[in-house]
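K.L.:
Fold the following.
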Amino acid sequence: MDKQKTIAMIGDISNAPGVSGFEDAAIAVIRDYSRELGELDEDAMRNLYLRRPGQREGLPVLQIDAHSDEVGFMVRAIRPNGTLDFIPLGGWVPATVSAHRVLVRNLDGRWIPGIIASRPPHYLTEAQRKEAPDLNTMVIDVGASSGREIREDFRIPIAAPVVPDVRFEYLPDHDLMIGKGFDNRLGCAAIIAALEELKGAELQVHVTAAFAAQEEVGLRGAVVTAQRVKPDIAIVFEGCPADDTVVEPYAVQTAIKKGPMLRHIDAKMITNPRFQRLALDTAQAKGIPVQEAVRTGGSTNGGAIHLSGQAVPVIVIGIPVRYIHTHYGISAYSDFEHSVHLACHIIRSLDKNSIGRF
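P.N.:
Model prediction:
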């Protein structure tokens, strides 16, 4: 894996705007980086499929999944004073939203910079200052002074998508990445990197990658991709919430710089224990650091894929990201690299007999 090229790819995919339902720009970047890796196709949801070339007939089907959307917002209403009411797309904690920059897409496809604003402290009572933040009290301000100006000059309509205004950075001294949408643009980049690594390899599975839309609003894209791909087995790449700064040391299961996270359970899937055992044994045999997690909340596209067909064995390879579902994520490149290598080793080991045992 060429590290500099991979980091550039991660940056381009991260920077592309693409909230749930409006993944077009992100899919365009992913498509550009995937052109030499196989046959590309899309469906009406903007799910992107990448079928590995030169595959023999009669082999089991492996689906590799990552979702292409990121959390963001949508314009709900235009106020007479020129500010914008908005709703969240995906799960946000209100306390992390205010005072950040965003980009609002107008009718011409231009991205207009704005700020998520709330009432200044000078105009709050003592009781109001102590209240928990509420998205209903926040607006997006692009600098307009009237609703007419928003509609006619800024050309911002109702239902315009809104994304965090953040640019990717790589810190070489610490091997860290900072940017937006690491949930799950890191997973999208991991698919591309893995298929690059497997280029020319003779595998015992058919491989179709699916970059699924609308995961953040209910795993919707994966419901469709699983119906189309009809996998016998699946690997889900995910940017998962790191916990090393938010729980007691004994409870940490997803620290950055400690390798990918293999989750045993979350809110929508109990991981197939036999496939999970293969992943853990492969990591140990290949000297790849991994972390095991038992999650009481959250979910991934595995929740939809494992219930498709007549049930599909699925594992989730999670790349730890601090502060996901905020404007900024922090992730370690080494965790990304280990995730790709683990997936490649697992894929090389799969065949009809091993899948049958799951």
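K.L.:
now the strands for the stretch 201-350 of the chain?
P.N.:
In chain order, the stretch 201-350 of the chain shows strands spanning 206-212, 233-241, 261-265, 291-294, 314-321, 329-332, with DSSP state E, counting those that start in this stretch as the criterion.
K.L.:
what domains does the record give for the chain?
P.N.:
If you go by automatic domain parsing, the domain ranges for the chain are 3-70+180-357, 73-164.
K.L.:
for those, which one ends up most surrounded?
P.N.:
domain 3-70+180-357 (a mean of 20; mean count of other CB atoms under 10 Å). Any C-beta I mention is one placed from the backbone N, CA and C, and that applies to glycine too.
K.L.:
quick one on the thing from earlier: put together JSON lines for the domains of the chain, with distance to L171 on each row.
P.N.:
Shown next, in JSON lines, are those (distance: least, CB to CB, whole Å):
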{"stretch": "domain 3-70+180-357", "distance to L171": "9"}
{"stretch": "domain 73-164", "distance to L171": "19"}
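K.L.:
Arrange those in JSON lines, one row each, with mean pLDDT and distance to H174 as further columns.
P.N.:
Converted to JSON lines, these look like this (pLDDT from 0 to 100; distance: least, CB to CB, whole Å):
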{"stretch": "domain 3-70+180-357", "mean pLDDT": "97", "distance to H174": "8"}
{"stretch": "domain 73-164", "mean pLDDT": "94", "distance to H174": "22"}
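K.L.:
Which one of those lies nearest to D173?
P.N.:
domain 3-70+180-357 (12.1 Å; CB to CB).
K.L.:
Rebuild the strands of the stretch 201-350 of the chain as a markdown table, extending it with distance to S349.
P.N.:
Converted to a markdown table, these look like this (distance: least, CB to CB, whole Å):
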| stretch | distance to S349 |
| --- | --- |
| strand 206-212 | 13 |
| strand 233-241 | 11 |
| strand 261-265 | 15 |
| strand 291-294 | 19 |
| strand 314-321 | 13 |
| strand 329-332 | 26 |
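K.L.:
Nearest to M177, out of those?
P.N.:
strand 329-332 (5.0 Å).
K.L.:
neighbouring contacts of that closest one?
P.N.:
By CB atoms under 8 Å, 6 or more residues apart in numbering, the surrounding residues in contact with strand 329-332 are 175-183, 186, 239, 242, 256-257, 319-323.
K.L.:
Tell me which helix or strand A44 sits in.
P.N.:
Counting by DSSP states H and E, no helix or strand carries A44.
K.L.:
got it, and the one 5 residues further on?
P.N.:
Following DSSP H and E, the helix or strand that holds Y49 is strand 48-51.
K.L.:
Name every strand pairing with the next helix-or-strand element following that strand and say which way it goes.
P.N.:
Next in sequence after strand 48-51, counting helices and strands by DSSP H and E, comes strand 61-67. Sheet pairing of strand 61-67 (DSSP bridges) gives strand 206-212 (parallel), strand 233-241 (parallel).
K.L.:
Could you dump the ones you listed into a markdown table with distance to D2 added?
P.N.:
Listed next are these as a markdown table, based on distance: least, CB to CB, whole Å:
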| stretch | distance to D2 |
| --- | --- |
| strand 206-212 | 20 |
| strand 233-241 | 19 |
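K.L.:
between those strands, which gets nearest to R46?
P.N.:
Of these, nearest to R46 by CB to CB is strand 206-212, at 8.9 Å.
K.L.:
out of the strands paired with strand 61-67, which comes closest to D335?
P.N.:
Nearest to D335, of the strands paired with strand 61-67 and by CB to CB, is strand 233-241 at 10.1 Å.
K.L.:
could you dump that closest one to CSV, C-alpha only?
P.N.:
Extracted in CSV, the C-alpha atoms of strand 233-241 (Å, rounded to 0.1, in the frame of the first residue of the first chain):
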residue,chain,number,x,y,z
ILE,A,233,-20.8,-13.8,3.4
ALA,A,234,-20.0,-10.1,4.1
ILE,A,235,-17.4,-7.8,5.6
VAL,A,236,-18.5,-4.4,6.7
PHE,A,237,-15.9,-1.6,7.1
GLU,A,238,-17.0,1.1,9.5
GLY,A,239,-15.7,4.2,11.1
CYS,A,240,-16.6,3.4,14.7
PRO,A,241,-16.6,5.7,17.8
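K.L.:
Distance from it to the middle of the chain?
P.N.:
9 Å (CA atoms, centre = their mean, to the nearest Å).
K.L.:
switch to numbering from 842
P.N.:
Done: numbering now begins at 842, and the last item shifts to strand 1074-1082.
K.L.:
residues touching A869, list them.
P.N.:
Applying CB under 8 Å, 6+ apart, the residues contacting A869 are A857.
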